[in-house]
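>>> give me coordinates for this.
(chains A and B)
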2 protein chains.
Amino acid sequence: MKKEIRVRCWIDVDSEKFFGLGRVELLDHVDKTGSIAKAAKSMGMSYKKAWEMVEDLNARGNKPYVVSRKGKKGGGAELTGTAKKVLTAYVKLKKDLDAVAKKHGNILKLV
Amino acid sequence: MKKEIRVRCWIDVDSEKFFGLGRVELLDHVDKTGSIAKAAKSMGMSYKKAWEMVEDLNARGNKPYVVSRKGKKGGGAELTGTAKKVLTAYVKLKKDLDAVAKKHGNILKLV
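Here you go, the predicted structure:
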């Protein structure tokens, strides 16, 4: 029997989900592929949904998260400095939370 | 604009959710009311659903979480020592996680 403490974290803006695991994954894929369309495809997500997630980040965030990039081969999308800083901070937060959960591992002997 | 870091935690057994916020609330209500039926009612939950949650805790847990109690006025339900220990440990875990989230409050200035 495998027992495990699970932790999820996200950021609400005005009590509405704004930034969590789904958007972290999308931004990571945009960063790797340089394109919202490619990011969506590699995640098995519709382009429409990915585009809406990016639009919401850009609209409700302090600053844009993803910007268009023009290039000789048709351009694409890239993360802004804000997006990169938020991603880094989120990863640190999640890591610290997981470390705390690990310290509470004794609870697994009780359940 | 109100920004907030949210944290949720739960325990999986064999990759299936076993113990989280819903069950914490149910057990708290069983403890206060001394009855699964009253607990369900006060939470706006069907008796069937509450009963199934208790059954699953009792079936998949190390030890029973809720036991029947016989009484002069018809009896009811009460938490076992195991349930109480798990509840206490869960509350501590959640408190520590929330404290870590609070320390990462700077992320809210970035998003």
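>>> C-alpha coordinates for the single longest helix found in chain A, PDB please?
Counting by DSSP state H, the longest helix found in chain A is helix A:81-103. Extracted C-alpha coordinates of helix A:81-103, given in PDB (Å, rounded to 0.1, in the frame of the first residue of the first chain):
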ATOM      1  CA  GLY A  81      10.900  38.500 -17.800                       C
ATOM      2  CA  THR A  82       7.800  38.600 -15.600                       C
ATOM      3  CA  ALA A  83       6.700  35.100 -16.700                       C
ATOM      4  CA  LYS A  84      10.200  33.800 -16.000                       C
ATOM      5  CA  LYS A  85      10.300  35.400 -12.600                       C
ATOM      6  CA  VAL A  86       6.900  34.100 -11.600                       C
ATOM      7  CA  LEU A  87       7.800  30.600 -12.800                       C
ATOM      8  CA  THR A  88      11.000  30.600 -10.800                       C
ATOM      9  CA  ALA A  89       9.200  31.800  -7.700                       C
ATOM     10  CA  TYR A  90       6.400  29.200  -8.100                       C
ATOM     11  CA  VAL A  91       8.900  26.400  -8.400                       C
ATOM     12  CA  LYS A  92      10.600  27.500  -5.200                       C
ATOM     13  CA  LEU A  93       7.300  27.700  -3.400                       C
ATOM     14  CA  LYS A  94       6.200  24.300  -4.500                       C
ATOM     15  CA  LYS A  95       9.600  22.800  -3.500                       C
ATOM     16  CA  ASP A  96       9.400  24.400   0.000                       C
ATOM     17  CA  LEU A  97       5.800  23.100   0.400                       C
ATOM     18  CA  ASP A  98       6.800  19.600  -0.700                       C
ATOM     19  CA  ALA A  99       9.700  19.700   1.800                       C
ATOM     20  CA  VAL A 100       7.300  20.600   4.600                       C
ATOM     21  CA  ALA A 101       5.000  17.800   3.600                       C
ATOM     22  CA  LYS A 102       7.900  15.400   3.700                       C
ATOM     23  CA  LYS A 103       8.700  16.400   7.200                       C
END
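>>> so what's the nearest residue to A:Ala83 once chain neighbours are set aside up against?
In this structure, A:Ala83 finds its nearest non-sequential neighbour in A:Tyr65, 4.0 Å apart by Cβ to Cβ, 6 or more residues apart in numbering or on different chains. In this view, the C-beta of every residue, glycine as well, is placed from N, C-alpha and C. Residues in contact with A:Tyr65 (Cβ atoms under 8 Å, 6 or more residues apart in numbering or on different chains) are A:Leu27, A:Val54, A:Leu57, A:Asn58, A:Leu79, A:Thr80, A:Thr82, A:Ala83, A:Val86.
>>> and those, which is closest to chain B?
Of all the contacts of A:Tyr65, A:Val86 has the smallest distance to chain B: 5.1 Å, by Cβ to the nearest Cβ.
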